[in-house]
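1. build me a model from this:
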Amino acid sequence: MAAAAAVPPNPVPVAYQGGTSAAVPDWLNKGDNAWQMISATLVGLQSVPGLVILYGSIVKKKWAVNSAFMALYAFAAVVICWATWAYKMSFGDKLLPFWGKAGPALGQKFLIKQSALPETTQFHDDGSVETATVLPFYPMASMVWFQCVFAAITLIILAGSVLGRMNIKAWMAFVPLWLTFSYTVGAFSLWGGGFLFHWGVMDYSGGYVIHLSSGIAGFTAAYWVGPRSTKDRERFPPNNVIMMLAGAGLLWMGWAGFNGGDPYTANIDSSMAVLNTNICAATSLLVWTWLDVIFFKKPSVIGAVQGMITGLVCITPGAGLVQGWAAIVMGILSGSVPWFTMMFIHKRWTLLQKIDDTLGVFHTHAVAGLLGGVLTGLFAEPTLCSLFLPVTNSRGGVYGGSGGIQILKQLAGAAFIIGWNVVVTSIICVIINKVIPLRMTEEQLLIGDDAVHGEEAYALWGDGEKYDSTKHGFYYDDTTHLNKTTTLSSGATQVV
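-> Numbers count the residues shown, from 1 in each chain. This next block holds a predicted model:
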């Protein structure tokens, strides 16, 4: 009898084997780890430089430096707070049904062990396990950083509501307080194993945790900070539309990591999420642009960016849970419903007019995030739900069964996020205002970046030269500069 062919000791190529060194444990999946770190980097690029560029370009020239710096500062502050105490409040052991126990994520013993979200085990009513604990095949360090960039971009989105008048020192105090007492609650409740997670509220990648919370908190903060100067509210043209588009492009392309990284693995669901994200964003941009043309006779570039953002926001809670046709429907609605609230309801509702939401974050993130959450409860496909959600047999309303209840769960989850953010953001603003004025001084509001930072975004003509309109053409910006009787700026860009 012929001898049986020898079986190779390990048919897996050595590049994919575990246990080949102390740095490659058996549980490590190099592909998943690479994708998770790439996704985190893509989300980080959405903020720095994406929103730094977008904010610095979409505002009036005299606020370009301040707006960009608010984003940059928030990113840096969140990184330190996240690693020091906030990560475990969001994804660690349970303290309360909506909050985790604070603690550092800095030691190597914690960071190089296999990633785990300890409170995500889903149980049946009889105590048996329904869905196992989330245990991605990469180290905790990758998880901590991935979740960090989500926390950071939430604060930066929120900043869009208060650009052009919030005291930068008050912002420095606001960032760690809001991260600690608001963001961590939403993150733990919906993602980290809190009560909304186990109840089955769907939020694939942050429609509620990030966008609804930042939109509501930004609108609330705008109320407490107060409005921009009258002159700025009347005239607030972007200082560089082309650079604004560059920032918007980074935001759009970075959303592949935003939604594609949330399965915590490079699997078929992450591919579905990335495709749906782009389908919805493109549809929404086109619909918003068409509505501008139909009603205002001109396509607005800023409007197109707003439509892109509302599409990205709307698909986020359901990116890996809905089919492609549903992504198109969600894009049509995200390009029209926030457009309608911004262009018509806003102009007719006294409350919306009174509160000065600089970039319309309430419409682009709160309205679009809530819309996306409800539509996810309507369109979530059962097979796709089984690939991601802890509650088995989850489905959207159009698929019958428990789908009708799912829409009510989505509304209840949204109500919790809205209520918590209104109350907590108000408390934070009131407390800060007792120590640091929330709003800039009238002189700072009049002058802008030069008064706040001692720097300006652009040297529009040569340093020290007298501006000659016959050579350089006419330029007018109603920015007020420091006169000779006041102290000259000490920043990198001097007053001409």
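
2. where in the stretch 351-496 of the chain is pLDDT low?
-> Applying pLDDT under 70 to the stretch 351-496 of the chain flags the ranges 459-496.

3. now the host helix or strand of Leu291: average pLDDT?
-> Per DSSP states H and E: Leu291 is located in helix 268-296. Here helix 268-296 scores 97 as its mean pLDDT.

4. which strands and helices sit next to that helix?
-> Applying 3 or more C-beta pairs under 8 Å, 6 or more residues apart in numbering; DSSP states H and E, one finds that helix 268-296 contacts helix 241-260, helix 301-315, helix 324-340. Using the backbone N, CA and C atoms, a C-beta is placed for each residue, glycine as well.

5. counting contacts, what elements does the first one pack onto?
-> By that I understand helix 241-260. Helix 241-260 packs on helix 30-45, helix 52-58, helix 268-296, helix 301-315, going by 3+ C-beta pairs under 8 Å, 6+ apart.

6. from the middle of its chain, how far away would stretch 374-390 be?
-> Stretch 374-390 sits 21 Å away from the centroid of its parent chain (C-alpha atoms, centre = their mean, to the nearest Å).

7. now the end-to-end length of it.
-> From its first residue to its last, stretch 374-390 covers 19 Å (C-alpha to C-alpha, to the nearest Å).

8. what's the offset of the lengthiest helix in the chain from the middle of its chain?
-> Longest helix in the chain by number of residues (criterion: DSSP state H): helix 403-435. Mean-position distance between helix 403-435 and its chain equals 16 Å (C-alpha atoms, centre = their mean).

9. all further residue positions should be reported with the first residue as 3.
-> Sure, I'll start numbering at 3, so the last one becomes helix 405-437.

10. helices or strands next to the helix or strand that that helix is followed by in the packing?
-> Next along the chain after helix 405-437, taking DSSP H and E as the criterion, comes helix 444-449. Judged by 3+ C-beta pairs under 8 Å, 6+ apart, helix 444-449 is in contact with helix 451-455.

11. report the angle between the helix holding Leu293 and helix 243-262.
-> Here helix 270-298 runs at an angle of 140 degrees relative to helix 243-262 (axes from the mean of the first three to the mean of the last three C-alpha atoms, to 10 degrees).

12. coming back round to it: make CSV from the helices and strands packed on helix 270-298 and add mean pLDDT to it.
-> Below are the helices and strands packed on helix 270-298 laid out as CSV (pLDDT from 0 to 100):
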stretch, mean pLDDT
helix 243-262, 96
helix 303-317, 96
helix 326-342, 97
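
13. would you list the ones you listed in TSV and tack on distance to Cys282?
-> Below are these laid out as TSV (distance: least, C-beta to C-beta, whole Å):
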stretch	distance to Cys282
helix 243-262	10
helix 303-317	4
helix 326-342	4
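
14. still on that earlier bit, may I see the buried residues of the longest helix of the chain?
-> By 16 or more other C-beta atoms under 10 Å, the buried positions in helix 405-437 come out as 405, 408-409, 411-412, 415-416, 418-420, 422-423, 426-427, 430-431, 434.

15. what of stretch 59-78?
-> For stretch 59-78, burial by neighbour count (16+ other C-beta under 10 Å) applies to 59-77.

16. could you do stretch 318-329 as well?
-> Within stretch 318-329, judged by 16+ other C-beta under 10 Å, the buried ones are Thr318, Pro319, Gly320, Ala321, Gly322, Leu323, Val324, Ala328, Ala329.

17. which one of the residues you listed is nearest to Met274?
-> Gly322 (5.2 Å; C-beta to C-beta).

18. which strand or helix spans the closest one?
-> Per DSSP H and E, there is no helix or strand for Gly322.

19. spatially nearest residue to it, not counting backbone neighbours?
-> In this structure, Gly322 finds its nearest non-sequential neighbour in Ala275, 3.7 Å apart by C-beta to C-beta, 6 or more residues apart in numbering.

20. thanks a lot, see you next time.
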